[in-house]
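**Q** 3D, please:
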Amino acid sequence: MAKLAGIDGTDGSGKTTVAQRLANDTGSQYMYFTEDNIFASLRKQADTLTSEERFAFYLSMNLMNHPRLAMLKQSKNSAIILDRTPLSTFAFHEVMGVNLVPFRDVKDHLLDQFDALCYFFASSESRRARIISRQGNGDMQKFDEFSLKFQDEIHKAF
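**A** Okay, here's the model as predicted:
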């Protein structure tokens, strides 16, 4: 049975870089779900929704991926490295003011499948530098001083 490790944290903290290197160096399978499912094309639309609607969208994505991860854990792979976990969805929306109390059991259920969880955080200066280095990918437009402070609040929610 494969082990499932989740890497999570704030934007620009190095999650993807480390997850990809770790998967490559260990021969593990790297996964980033919002790139390879039907939800990927809907993400931009989800960002126009209310906080509660956006939470429902991302929670649905996590719930859809849950059985997929369970099947992958039954594979012969030694490990699966997941870039972003359901914890991101909950931390982000907690900061957005969504009442998450009714969803505590769902959160626990989604996180129970992980054999290891790793959380990454970097200073505002480091995150800003990483994000600026991605400018060619169009990432910079969603980051400004407010966004970096918002990410600090998400860090506290983790």
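
**Q** Give me the number of neighbouring residues for the residue nearest to Ser75 when sequence neighbours are not counted.
**A** Nearest residue to Ser75 in three dimensions, chain neighbours excluded: Ala2, at 5.3 Å (Cβ to Cβ, 6 or more residues apart in numbering). Every C-beta, even on glycine, is put in place using the N, C-alpha and C of the backbone. Ala2 has 17 neighbours, counted by other Cβ atoms under 10 Å.

**Q** And Ser88, by the same measure?
**A** If you count neighbours by other Cβ under 10 Å, Ser88 ends up with 21.

**Q** residues contacting it?
**A** Asp8 (Cβ atoms under 8 Å, 6 or more residues apart in numbering).

**Q** Quick one: name whatever helix or strand follows whichever strand or helix holds it.
**A** For Ser88, the enclosing helix or strand under DSSP states H and E is helix 86-95. Once the chain leaves helix 86-95, the next helix or strand it forms, by DSSP H and E, is helix 104-111.

**Q** what angle sits between that following helix and helix 86-95?
**A** Angle, helix 104-111 to helix 86-95, by axes from the mean of the first three to the mean of the last three Cα atoms, to 10 degrees: 150 degrees.

**Q** name the helices or strands packed onto the very next helix or strand once past helix 104-111?
**A** Sequence order places strand 116-120 as the next helix or strand after helix 104-111, per DSSP H and E. Where contact means 3 or more Cβ pairs under 8 Å, 6 or more residues apart in numbering; DSSP states H and E, strand 116-120 is packed against strand 3-9.

**Q** can you point me to the longest helix in the protein?
**A** In terms of residue count, the longest helix belonging to the chain (DSSP state H) is helix 51-73.

**Q** Just the buried positions in that one, please.
**A** By neighbour count on 16 or more other Cβ atoms under 10 Å, the buried set for helix 51-73 is Arg54, Phe55, Phe57, Tyr58, Leu59, Met61, Asn62, Asn65, Leu69, Leu72, Lys73.
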